[in-house]
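Undergrad: What would the 3D arrangement of this be:
(one chain, ligands or ions: 1)
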Amino acid sequence: PSGFQQGGPLLNLTREMLMKTPILDSAVEETLRLTVAPLLTRAVLQDMTIKMADGRQYFIRQGDRVAVFPYSAVHIDPEIHPDPHSFKYDRFLNPDRTKKTDFYKAGNKVKYYTMPWGAGVSMCPGRFFATNELKQFVFLMLVYFEFELKNPDENIPGIDFRRWGFGTMQPDRDVQFRYRLRH
Ligand code: HEM
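TA: Next up is the predicted model:
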């Protein structure tokens, strides 16, 4: 760490700065949309009927286990997120740079248009910490280093589907790049 500062700027990256990054926020949300695929499991505590948005109903019994997989149900639904397998850094950005929260399916506004943190009472309590860590990492890497792809025509790697259900997924191959300190 002290080596990073020799001859370079001593960065004081504050929470206030991290709160004013609408483009990076959209890029982070898009990254989570494409790479986070947890399986959310719930124990059914009493008999009940679940009503789906399309009108279907499911009777679930006490003692059943229910698992929801938002990745296929929401994240890569082409109706909610057109061209769902492309990374679009501004997918969650309005033209005026505010956060985009309007997503539709069959004409209805979708409340949970991504669910990388799960939902309900057990929604990830580490999400603010994790998001800040992600943003700090990107910010500091870009400020301190210059990057260059070894292969300029490199494509974004696919994801390793064997990790579906576990949370964040890993790329299915490495991407080689060069980097050096800017200062
Ligand atoms: C990108 C990083 C992360 C992702 C994608 C993620 C995702 C999730 C998901 C999907 C759940 C389950 C939610 C549910 O069942 O409804 C969860 C639960 C949880 N996460 Fe995270 N998480 C991340 C980072 C973290 C970090 C950094 C911490 C702690 C500092 C953390 C602590 C927890 C805890 C304690 C729970 C259990 C909550 C409960 O059952 O009440 N997570 N997380």
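Undergrad: so how far is residue 138 from residue 144?
TA: Taking CB to CB, to the nearest Å as the measure, residue 144 falls 11 Å from residue 138. (Each C-beta comes from the backbone N, C-alpha and C, glycine too.)
Undergrad: typed the wrong thing, it's residue 105
TA: Between residue 105 and residue 138 the distance is 31 Å, computed by CB to CB.
Undergrad: cool, residue 125 as well?
TA: Residue 125 sits at a distance of 23 Å from residue 138 (criterion: CB to CB).
Undergrad: of those two, who's got more company?
TA: Comparing residue 125 with residue 138 by other CB atoms under 10 Å, the one with more neighbours is residue 138, at 15 against 8.
Undergrad: Please identify the helix or strand for the more buried one.
TA: With elements taken from DSSP states H and E, the one containing residue 138 is helix 127-144.
Undergrad: all helices in the protein, in order from the N-terminus.
TA: 2-5, 15-18, 22-35, 70, 127-144 (DSSP state H).
Undergrad: who in the chain is up against the ligand?
TA: 36, 38, 40, 116-120, 122-126, 129-130, 167-168 (CB under 6 Å from any ligand atom).
Undergrad: So residue 163 is in contact with residue 169, correct?
TA: Yes. Taking CB atoms under 8 Å as the definition, residue 163 is a contact partner of residue 169 at 4.5 Å.
Undergrad: Compare those two (neighbour count), which wins?
TA: The neighbour comparison of residue 163 against residue 169 (other CB under 10 Å) goes to residue 169, with 20 against 14.
Undergrad: which neighbours do residue 163 and residue 169 share?
TA: Any residue near both residue 163 and residue 169 by CB atoms under 8 Å, 6 or more residues apart in numbering counts here, and that gives residue 37.
Undergrad: Contact partners for residue 178?
TA: By CB under 8 Å, 6+ apart, residue 178 lies in contact with 147, 148, 150.
Undergrad: what sits opposite it in the beta ladder?
TA: On the basis of DSSP bridges, residue 178 takes part in beta bridges with residue 148.
Undergrad: And the strands in the protein?
TA: Using DSSP state E, the strands of the chain run over 36-38, 40-43, 48-51, 57-60, 65-68, 104-105, 108-109, 145-149, 166-168, 177-181.
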